[in-house]
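1. next input, structure requested:
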Amino acid sequence: MLSIQRGGRLINQTHLLVAIGLLLAVSMLYARPVGASQFADLFNGFNLSGFSLTNPTDWPFIPIPEVATDPNGGTTYGALAVFLQHAPDGHIASIFAPDITNNATLGPGGTFRYLSYPSSDTHWYALASATTTKSRKVDLYYSTGRERQKWWSFDGELLWEHDPTERFYGIGNGTSTRGQTNYDLKQMYLETVLGLNLSEQFQIAWEMRPRYVRISQGAFGALPFTGVLFPHVKGLSGGSEFFNELVAKYDTRDHVDLPTQGGFYRLFAGVEDRALGSSFSYTRFGTELSHYFPFGQRFVLATHALIEYMPAGGEAPFWSLARLGGESSDFFVDRTTQRGYGTARFTDNNLEGFNAELRTKIFTAKIFNTEGTLELAPFFDVGKVTNSVTANPINKLHPAGGLGFRAIAEPFVVGFLDIGYASEGVSIFTGVDYPF
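-> Here you go, the predicted model:
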């Protein structure tokens, strides 16, 4: 999804104030689906004759300055123009949000974004970005059957990217920042998830993900290449994967995107095997649990746990191991939320992550013809990675705490700014969707 910053640490107070001030506007960038035919009519419906510089609600687009300081990507600044279209019922129907940026290391660049929200049951997006130094990305995503009103659901994503900002600190729960290295991740994958909806609550899904990976020198000359500090780590030459996973899901949430009660529970087991055309062989299994407890009209306690094990972890490449750190949790890519650290700060075979946050409504207002709500969410995250399945599950956990600011455009959209603190300092993340 569209993200202003991923895994960044903003220590500068000016950056922090800008981020908070823009949060409500940023949240309006994310809508949900409209048909592809509407792309041709993207600029229709804007009354330019009524345009007034002194009345932002009349503007044909929302201008947003971009300022981000990311420990992986460095400092980026630029300008984002956001064009919104509304459906007849008032919700955001589509978003066109191109930007032009400049990064201290990667150089000038830009991103094309189009997000479409035809209904609450279907959405899709297309994204393409590039900079003058190495970085390239094309991301296409489509999802339908999200509300499970029919017998099947489908999610598909095609991703091609060169990311020269990736970091690796070594394998283990106690790795030091002195071991920080940089590499360029070149990958392409097609991920498909086909779900059989046995009921509105219960689904059995099959995930298939062919993936091609190559590793090379990153963009940051001040950091050593991963292959220099860790010459024997598995996966330095890249490889090919053909991962298959079976997932059982049980969902009692009252809303797919903005849950206030109920729960979402998953059990999963997957296999990667050379006999299926992969470069590696390993298995993984685990569970992800989320539950939401409402308190009156203003408070929701959101809780989350992701536990994942890889018994044959010695066979997996380092870029497919479990990872702790970052703003969001995704068991499909073996990562769980830990907002006190940057993305993928800790890496190993197995993963345990636990999270809780109190989502508190502060006020509701109409902004750019969209009903918006501001939430505050104090949070606590704790987790660890381990090498052995038999390791002590509560020893040497990494705790973090902080405060989240959430801007909501009902019925689909959440923009967030989360400020976390852990043993290595302050981390700040901005983007879209709840972390869990």
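2. over to W319. Which of the three states is it?
-> helix (DSSP: H, G, I helix; E, B strand; the rest coil).
3. measure it to Y77 for me?
-> For W319, the distance to Y77 (CB to CB, to the nearest Å) stands at 29 Å. All C-beta atoms are positioned from the backbone trio N, CA, C, and that covers glycine.
4. do T175 as well
-> Counting by CB to CB, the gap from T175 to Y77 is 31 Å.
5. before we move on, the earlier item: ok, W319 and Y77, which is more surrounded?
-> W319 (25 against 14; other CB atoms under 10 Å).
6. doesn't L236 make contact with the more buried one?
-> No: counting by CB atoms under 8 Å, W319 does not reach L236; the two are 9.6 Å apart.
7. need the residues touching each of these two.
-> Both W319 and L236 are contacted by I215, under the criterion CB atoms under 8 Å, 6 or more residues apart in numbering.
8. what about the strands in the stretch 251-400 of the chain?
-> Secondary structure of the stretch 251-400 of the chain by DSSP state E, counting those that start in this stretch: the strands cover 262-272, 282-295, 299-309, 322-324, 335-336, 346-348, 350-367, 370-386, 398-409.
9. among these, which is nearest V193?
-> V193 sits nearest to strand 262-272 of all the strands of the stretch 251-400 of the chain, at 11.1 Å, using CB to CB.
10. so which bits of the closest one are buried?
-> 262, 264, 266, 268, 270-272 (16 or more other CB atoms under 10 Å).
11. what packs against that strand?
-> Judged by 3 or more CB pairs under 8 Å, 6 or more residues apart in numbering; DSSP states H and E, strand 262-272 is in contact with strand 239-251, strand 282-295.
12. 10 Å instead?
-> strand 202-217, strand 239-251, strand 282-295, strand 299-309 (3 or more CB pairs under 10 Å, 6 or more residues apart in numbering; DSSP states H and E).
13. how far off centre is the last one?
-> Offset of strand 299-309 from its chain centre (CA atoms, centre = their mean, to the nearest Å): 16 Å.
14. in this structure, which helix or strand is least confident?
-> Ranking every helix and strand in the chain by mean pLDDT, DSSP states H and E puts helix 13-27 at the bottom, with a mean of 41.
15. can you tell me how far the residue nearest to the spatial centre of the chain is from T360?
-> Nearest residue to the geometric centre of the chain (CA atoms, centre = their mean): S328, 5.3 Å. Distance, S328 to T360, by CB to CB: 20 Å.
16. please apply the same query to E191.
-> Relative to T360, and taking CB to CB, E191 is found at 35 Å.
17. what about the nearest residue to Y341 once chain neighbours are set aside, neighbour count?
-> Spatial nearest neighbour of Y341, chain neighbours left out: G325 (3.9 Å); criterion: CB to CB, 6 or more residues apart in numbering. Counted with other CB under 10 Å, residues neighbouring G325 total 29.
18. low pLDDT regions in the protein?
-> 1-61, 67-71, 313, 331-333, 367-370 (pLDDT under 70).
19. mind listing the strands for the stretch 51-200 of the chain?
-> Going by DSSP E, counting those that start in this stretch, the stretch 51-200 of the chain shows strands at 62-70, 74-86, 92-96, 99-103, 107-119, 122-131, 136-144, 152-168, 181-197.
20. so P294 is in contact with R253, correct?
-> No: using CB atoms under 10 Å, P294 makes no contact with R253, being 11.6 Å away.
21. give me the common contacts of the two.
-> Common neighbours of P294 and R253, using CB atoms under 10 Å, 6 or more residues apart in numbering, are 259-262.
22. and the residues you listed, which two are furthest apart?
-> T260 and G262 (8.2 Å).
23. between those two, what contacts are shared?
-> 253-254, 292-294.
24. any idea which of the residues you listed has the most stuff around it?
-> Y292 (21 neighbours).
25. once you drop chain neighbours, what's closest to D121?
-> E147 (4.8 Å).
26. next, give phi and psi for the one you found.
-> Dihedral angles of E147 (phi, psi; degrees, to the nearest 10) stand at phi -100, psi 0.
27. state the distance from it to A302.
-> Distance from E147 to A302, by CB to CB: 20 Å.
28. more neighbours: which of the two?
-> Neighbour comparison, E147 and A302: the larger count goes to A302, with 20 against 16 (by other CB under 10 Å).
29. how far away is that one from R146?
-> 19 Å.
30. straight-line length of stretch 254-274, end to end?
-> 42 Å (CA to CA, to the nearest Å).
31. now do stretch 230-237
-> OK, stretch 230-237 end separation, CA to CA: 12 Å.
32. residues touching that stretch, excluding its own?
-> 168-171, 179, 181, 183, 213-216, 224-227, 279-280, 313-321, 347.
33. can you give me the neighbour number for V82?
-> V82 has 22 nearby residues by other CB under 10 Å.
34. across the sheet, point out what pairs with it.
-> Assessed by DSSP bridges, V82 has beta-bridge partners I62.
35. is it in contact with S94, as I believe?
-> No: between V82 and S94 there is no contact under CB under 10 Å: 11.2 Å.
36. which positions in stretch 176-190 come out as buried?
-> 179-187, 189.
37. repeat for stretch 279-292
-> 279-280, 282-286, 288-292.
38. including distance to D381, could the helices and strands packed on strand 262-272 go into TSV?
-> Below are those laid out as TSV (distance: least, CB to CB, whole Å):
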stretch	distance to D381
strand 202-217	26
strand 239-251	23
strand 282-295	14
strand 299-309	9
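39. among those strands, which is nearest P65?
-> Minimum separation from P65 across the helices and strands packed on strand 262-272 (CB to CB) falls at strand 299-309, 30.8 Å.
40. so what does that closest one touch, helix or strand wise?
-> strand 262-272, strand 282-295, strand 322-324, strand 335-336, strand 350-367, strand 370-386.
41. how about these in JSON lines, adding distance to S423?
-> Listed next are the helices and strands packed on strand 299-309 as JSON lines, based on distance: least, CB to CB, whole Å:
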{"stretch": "strand 262-272", "distance to S423": "30"}
{"stretch": "strand 282-295", "distance to S423": "26"}
{"stretch": "strand 322-324", "distance to S423": "13"}
{"stretch": "strand 335-336", "distance to S423": "18"}
{"stretch": "strand 350-367", "distance to S423": "16"}
{"stretch": "strand 370-386", "distance to S423": "12"}
